[in-house]
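In: Only the shape, not the letters, is given here:
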């Protein structure tokens with residue numbers, strides 16, 4: 001378990017009503033999606049079990065944050081939580097390959113790969129990914145179980161993505177401002193090119209969301225998300 005840290009956004013507007021409304025929408029939307037998509041969730045679980053042995057779900061410690069009020073101002077306490085995904089890799093896959101790539105990406109030395117005519121920052125032809133996993137990742141269906149993280153208050157529908165601990169270790173101080181928001185299923189980076197962006201561009205997009213988050217920005221991101229998913233931009 002990582003030691004808790006506190007981060008404060010450069011913008012200190014009073015957003016208590018916004019956060020209350022956002023949490024209400026998160027609960028309502030997560031419940032609706034889990035109920036309406038339940039047949040699809042069961043089908044995915046069956047396909048995963050038929051494809052390769054092992055658990056249907058992949059659970060990993062991720063870095064996120066929770067909102068706190070200290071001295072009348074909003075601060076964000078950085079900590080860990082267990083994020084849930086559908087398993088898209090072979091059971092017991094060695095994480096070293098991904099750790100090495102993330103370190104190269106955060107250091108600005110990762111090579112891009114051409115995918116569908118676009119230069120992207122991501123691992124391609126990863127031998128750890130299963131046949132079903134490739135389909136799930138392409139359509140971002142492996143992320144659906146995170147709706148349970150939303151219900152538990154560990155994530156939001158919209159916000160910067162939660163990150164692995166090995167990525168957080170490479171953060172500079174200015175990068176940490178992106179954690180001044182509840183981590184989300186989708187965000188400004190996801191609908192703005194995702195893996196086509198360099199690491200610093202990703203940080204700038206996420207920090208822009210943190211500083212300007214509002215109901216209208218959340219709605220805009222939600223409306224742009226289906227197109228981003230269908231286009232497969234940055235899908236891993």
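Out: Okay, I see it. Here the structure is a predicted model, which means the values were calculated and not measured.
In: Next one: the residue of the chain positioned farthest from its centre from residue 96, what distance?
Out: Distance from the centre of the chain peaks at residue 71, with 30.1 Å (Cα atoms, centre = their mean). According to Cβ to Cβ, to the nearest Å, residue 71 and residue 96 sit 43 Å apart. Using the backbone N, CA and C atoms, a C-beta is placed for each residue, glycine as well.
In: swap in residue 5?
Out: If you measure residue 5 against residue 96 using Cβ to Cβ, the figure is 26 Å.
In: These two: which has the busier surroundings?
Out: residue 5 (14 against 9; other Cβ atoms under 10 Å).
In: And what about the residue nearest the centre of the chain, helix, strand or coil?
Out: Nearest to the geometric centre of the chain sits residue 161, at 2.8 Å (Cα atoms, centre = their mean). Under DSSP: H, G, I helix; E, B strand; the rest coil, the three-state class of residue 161 is coil.
In: Identify the residues contacting it.
Out: Residue 161 makes contacts with 183-184, 187, 189-190, as judged by Cβ atoms under 8 Å, 6 or more residues apart in numbering.
In: Then residue 41?
Out: 34, 144-145.
In: Where do the helices of the chain begin and end?
Out: 16-36, 38-51, 96-106, 131-138, 146-151, 165-168, 199-212, 215-231 (DSSP state H).
In: so how far is the fourth one from its chain's centroid?
Out: Relative to its parent chain, helix 131-138 has a centroid offset of 17 Å by Cα atoms, centre = their mean, to the nearest Å.
In: now stretch 135-148
Out: Centre to centre, stretch against its chain (Cα atoms, centre = their mean), the figure for stretch 135-148 is 11 Å.
In: Identify each buried residue in it, please.
Out: For stretch 135-148, a neighbour-count test (16 or more other Cβ atoms under 10 Å) marks 136-137, 140-147 as buried.
In: Kindly report the same for stretch 195-206.
Out: Buried, per 16+ other Cβ under 10 Å, within stretch 195-206: 195-197, 199, 202-206.
In: From residue 160, how far out is residue 68?
Out: 18 Å.
In: residue ranges with poor pLDDT in this protein?
Out: 1-4, 8-14, 110-121, 123-124, 232-236 (pLDDT under 70).
In: Mind doing that once more with 50?
Out: Applying pLDDT under 50 to the chain flags the ranges 234-236.
In: if we can go back for a sec, among the buried residues of stretch 135-148, which pair sits farthest apart?
Out: Spanning the widest gap among the buried residues of stretch 135-148 are 137 and 147, at 17.3 Å by Cβ to Cβ.
In: one step back: comparing residue 68 and residue 160, which residue is more hemmed in?
Out: The neighbour comparison of residue 68 against residue 160 (other Cβ under 10 Å) goes to residue 160, with 27 against 11.
In: Surely that one is in contact with residue 178?
Out: Yes: between residue 160 and residue 178 there is a contact at 4.9 Å, judged by Cβ atoms under 8 Å.
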